[in-house]
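In: Just to be clear, the model below is a prediction. Sequence and coordinates:
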Amino acid sequence: MNKQTLEELYEMVAKRKATPVKGSYTDYLFTKGIDKILKKVGEETTEVIVAAKNNDPKELQYETADMLYHLMVLLVQQGVSFDAIKAELGSRVGQMSQFKDRAPIKKL
Ligand SMILES: N=c1c2ncn([C@@H]3O[C@H](COP(=O)(O)OP(=O)(O)OP(=O)(O)O)[C@@H](O)[C@H]3O)c2ncn1[C@@H]1O[C@H](COP(=O)(O)O)[C@@H](O)[C@H]1O
């Protein structure tokens, strides 16, 4: 079975942005621009919620993959690197152990 990490997916999308492949879905999204990408992120996120509410693990798996793909397109379109996301997540490691009294995560 083929498995792909989120980082590999991000890199693939970034490659499509740097070297557009005419007729590809990723190029279609970049060509349409930010409003289309945001609409897709919103739609796919809603579909994740619906799948969870339906208690349908297969549907949830499928819709989560769709949502993550569109999120990677958004990050690339906005110029946010995958490394920046990893750094943000890394900065939070260990911060959550005391939920009640913890300091809020700092915004940028
Ligand atoms: N992971 C994905 C991926 N997940 C979802 N999708 C596309 O996301 C779309 C979601 O389906 P929808 O019905 O919501 O959308 P639609 O009706 O096709 O399109 P809209 O008119 O709504 O924009 C489908 O067209 C899927 O093909 C993806 N398209 C591409 N990838 C990855 O990107 C790679 C390159 O893709 P291309 O850029 O298309 O060559 C692929 O090999 C995959 O690894």
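Out: Sure, I can see it. Numbering: from 1, shown residues only.

In: what about the closest residue in space to K17 that isn't next to it in sequence, neighbour count?
Out: The shortest distance from K17 to any non-neighbouring residue, by Cβ to Cβ, 6 or more residues apart in numbering, is to V76 (5.3 Å). Where you see a C-beta, it was placed from the backbone N, CA and C, and this is true even at glycine. For V76, the tally of surrounding residues (other Cβ atoms under 10 Å) stands at 24.

In: OK, contacts around V76?
Out: The neighbourhood of V76, defined by Cβ atoms under 8 Å, 6 or more residues apart in numbering, consists of Y10, V13, A14, K17.

In: just the buried members of the residues you listed?
Out: Y10, V13, A14 (16 or more other Cβ atoms under 10 Å).

In: rewinding a little: reformat the contacts of V76 as CSV; add distance to E43 and secondary structure.
Out: Formatted as CSV, those follow (distance: Cβ to Cβ, whole Å; DSSP: H, G, I helix; E, B strand; the rest coil):
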residue, distance to E43, secondary structure
Y10, 20, helix
V13, 18, helix
A14, 22, helix
K17, 21, helix
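
In: From the centroid of this structure, which residue is nearest?
Out: L71 (2.8 Å; Cα atoms, centre = their mean).

In: Test my guess that that one contacts V41.
Out: Yes: here L71 reaches V41: they are 6.0 Å apart, a contact under Cβ atoms under 8 Å.

In: tell me which element T26 falls in.
Out: Assessed by DSSP states H and E, T26 sits inside helix 25-32.

In: who's in contact with the residue nearest to the centre of the chain?
Out: V41.

In: For it, grab phi and psi.
Out: phi -70, psi -40 (degrees, to the nearest 10).

In: next one: T19
Out: Taking degrees, to the nearest 10, you get phi -130, psi 90 for the backbone angles of T19.

In: circling back to that earlier point, buried set for the helix holding T26?
Out: T26, L29, F30.

In: Would you check how far apart the first one and L108 are?
Out: Spelled out, it's T26. Going from T26 to L108 by Cβ to Cβ, to the nearest Å gives 27 Å.

In: The last one too?
Out: When distances are taken as Cβ to Cβ, F30 and L108 turn out to be 25 Å apart.

In: If anything else comes up later, I'll come back, but that's it for now.
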